[in-house]
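Asks: With the sequence up front, the predicted model follows.
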Amino acid sequence: MAKIIHSMIRVLDLERSKIFYEQAFGLTPSHELDFDDFALVYLKNDESTHEIELTLNKGETVAYTHGSGYGHIAFCVDDLDIEHGRFLELGFSPTDIVTFAPNDHLLARFFFITDPDGYEIEVLQRHGHYQ
């Protein structure tokens, strides 16, 4: 069974966005990752395990439009390889599985599919932060 875990949006100012989501919805950072080209901040509250993932693409200065601002929703699964094969059989055309392991530390294994309306959905192996 799949479990929805986060929805991602792109932002231009992480601090401004963190303040807004805390004030508006009581969401606070549960996990933060900072890389050379981008940073990720996961927000949640005690009401749900579902998180909002704020993504800062460093160097971006032009405001995102709704069309380019949408990132993806994400689900985690127990066996990524089985789900990838199942999605292929269903004709969902998943991307290749990606292993993201900076400095040889596994952070995530994932692939993407696209829904009928063109929205991307990330499917992650249940691991580490992605439970």
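Replies: Perfect, thanks for sending it.

Asks: In contact with I52, which residues?
Replies: Taking C-beta atoms under 8 Å, 6 or more residues apart in numbering, we find I52 in contact with 6-9, 21, 27, 42-44. Bear in mind the C-beta positions are built from the backbone N, C-alpha and C, glycine included.

Asks: Give me the subset of these that lies in strands.
Replies: Taking DSSP state E as the definition of strands, these contribute 6-9, 42-44.

Asks: so which two of the residues you listed are the farthest from each other?
Replies: With distances taken as C-beta to C-beta, the most widely separated pair in these is I9 and K44, at 14.2 Å.

Asks: which one of those two has more residues nearby?
Replies: K44 (20 against 15; other C-beta atoms under 10 Å).

Asks: Without its sequence neighbours, what residue ends up closest to the more buried one?
Replies: Across the structure, with C-beta to C-beta, 6 or more residues apart in numbering as the measure, the residue nearest K44 apart from its sequence neighbours is E51 (4.4 Å).

Asks: Check the gap between that neighbour and L43 for me.
Replies: Distance of E51 to L43, given as C-beta to C-beta, to the nearest Å: 6 Å.
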